[in-house]
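Engineer: output the structure for:
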Amino acid sequence: MTILHDLETTILSRKSADPSSSWTAKLLAKGPEKCAEKFGEEAIEAIIEAVKDDKDKLASEGADVLYHFLVMLAARDVALDDVLKVLAERQGLSGITEKAARPKG
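Structural biologist: Numbers count the residues shown, from 1 in each chain. Next up, the predicted model:
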C-alpha cells in the first residue's frame, strides 16, 4: 500500500459519512460534477504556483490536486489501481508512440 492507497481508502470510507461531519463526504454528496470542478480549481492553483516557481506552495497545491483527483475518481467509482494499471501499461513506451496508438475520436 502507498500513501495514495491509504488516502483512497479514507475517501471511500467517507462516501457514506454524514456530509456535516467530513469535507470529503460533503464534496462527494455534491456529486461527480462538483468533484471534477474542485479538481480543476486545484489544478489551476498548482499551475499558478509552478509558474511562480514557489516550490513549497507547489508541493502543497500538488497534495491538494492528488487528494481532489482521488475524490473525483471515487465519485465516479474508478479505483486508483485502474489508473495505475494504465500507467504501468504505458511504462517504457515513448510518449509520442503511446499518443499515436490511442484511438482517434
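
Engineer: could you find the closest non-adjacent residue to His5?
Structural biologist: Computed as CB to CB, 6 or more residues apart in numbering, the closest residue to His5 that is not its neighbour in sequence is Leu80, at 6.3 Å. Just so you know, the C-beta spots here come from the backbone N, C-alpha and C atoms, and that holds for glycine as well.

Engineer: for that neighbour, give me the pLDDT.
Structural biologist: Looking at Leu80, its pLDDT reads 97.

Engineer: from memory it sits against Leu73, does it?
Structural biologist: Yes. The criterion here is CB atoms under 8 Å, and Leu80 meets it with Leu73 at 6.5 Å.

Engineer: give the residues shared as contacts by these two.
Structural biologist: Residues touching both Leu80 and Leu73 (CB atoms under 8 Å, 6 or more residues apart in numbering) are Glu8.

Engineer: so what's the most centrally placed residue in the chain up against?
Structural biologist: With distances taken as CA atoms, centre = their mean, Phe69 lies nearest the centre of the chain, 1.4 Å away. By CB under 8 Å, 6+ apart, the residues touching Phe69 are Phe39.
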